[in-house]
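Q: Any chance you could fold what I've pasted below:
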Amino acid sequence: MKSIMILLAFFGVLNLHAQSEELRRQHFNLKDDNLAIQGYDPVSYFNNSKPLKGKKGLQFKYRGVVYQFANAANLELFRAQPDKYEPVWGAWCGHAMAKRGEKVAINPTCFKIIDGRNVLFYKTIWANALDNWNKELKTTLESQLMKEGDTFWEGTIKSK
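A: Numbering: from 1, shown residues only. Modelled structure (predicted):
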C-alpha cells in the first residue's frame, strides 16, 4: 500500500510539473515552436550594449520555454540562473502590462534592465512603449510601475 501511495505522489508531481509548463507556454509570448524572445539570447541583454540573436544549435528549454544563445558561455550562465535572465511578465510589453495588464507583442531589441530584471517593450516606427514608460517616470516611481506589472502578471497567471 505504501509503495502505491508513493507512486501516486510521484505521478501527481509529474502531472503538476507538466501543467505548470503548459501554463507557462500559454502565458509566455511564444511562437508555435515555444521559442522565447523571437530567438534573442536572454543573457546578452545583461552582458552587451544590445541584445544578440541566438543560434539554433545553442538552445535550452526551461520549464517549457525554449531559449537560444549567441554563445556557449551565455547558455551556461542561463542554465546556472535561469530566473535571473528570463524576461519579466512572459516577455510581453512592460508598459502595457504595468499600466493595463495587457499582453502586447514586443520588439526584442527594445528593452530596459530595471533592478536586474529585463523588461521588453513594443516598438514600431510609429510608437515606442519604452518612451511611454520613461514618460511615466515623471509622475510615477519606476519601482511602482514594476510592482503594478508584477501584480497584473500574477493575476494573469492565476486567472487560467
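
Q: Count the neighbours of the closest residue to G116 other than its chain neighbours for me.
A: With sequence-adjacent residues excluded and distances taken as CB to CB, 6 or more residues apart in numbering, G116 is closest to K84, at 7.1 Å. In short, each C-beta sits where N, CA and C put it, glycine included. The tally of other residues near K84 (other CB atoms under 10 Å) stands at 14.

Q: quick one, phi psi at K84?
A: Main-chain torsions, K84, degrees, to the nearest 10: phi -70, psi -30.

Q: thought it was touching N118?
A: No: contact between K84 and N118 fails when scored by CB atoms under 8 Å: they sit 9.4 Å apart.

Q: The protein - how does it break down into domains?
A: Domain assignment for the chain, taken from automatic domain parsing, gives 25-86, 87-160.

Q: Redo these as JSON lines? Include mean pLDDT.
A: Listed next are the domains of the chain as JSON lines, based on pLDDT from 0 to 100:
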{"stretch": "domain 25-86", "mean pLDDT": "94"}
{"stretch": "domain 87-160", "mean pLDDT": "94"}
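
Q: CA atoms only: put stretch 90-101 into PDB for me.
A: Written as PDB, here are the backbone C-alpha positions of stretch 90-101 (Å, rounded to 0.1, in the frame of the first residue of the first chain):
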ATOM      1  CA  GLY A  90       6.300  36.400 -20.000                       C
ATOM      2  CA  ALA A  91       8.200  38.600 -22.500                       C
ATOM      3  CA  TRP A  92       5.200  40.800 -23.100                       C
ATOM      4  CA  CYS A  93       5.400  44.600 -23.400                       C
ATOM      5  CA  GLY A  94       6.300  46.100 -20.000                       C
ATOM      6  CA  HIS A  95       4.400  49.300 -20.400                       C
ATOM      7  CA  ALA A  96       1.200  47.500 -21.400                       C
ATOM      8  CA  MET A  97       1.500  45.000 -18.600                       C
ATOM      9  CA  ALA A  98       2.300  47.600 -15.900                       C
ATOM     10  CA  LYS A  99      -0.400  50.100 -17.000                       C
ATOM     11  CA  ARG A 100      -3.300  47.900 -18.200                       C
ATOM     12  CA  GLY A 101      -2.400  44.300 -17.500                       C
END
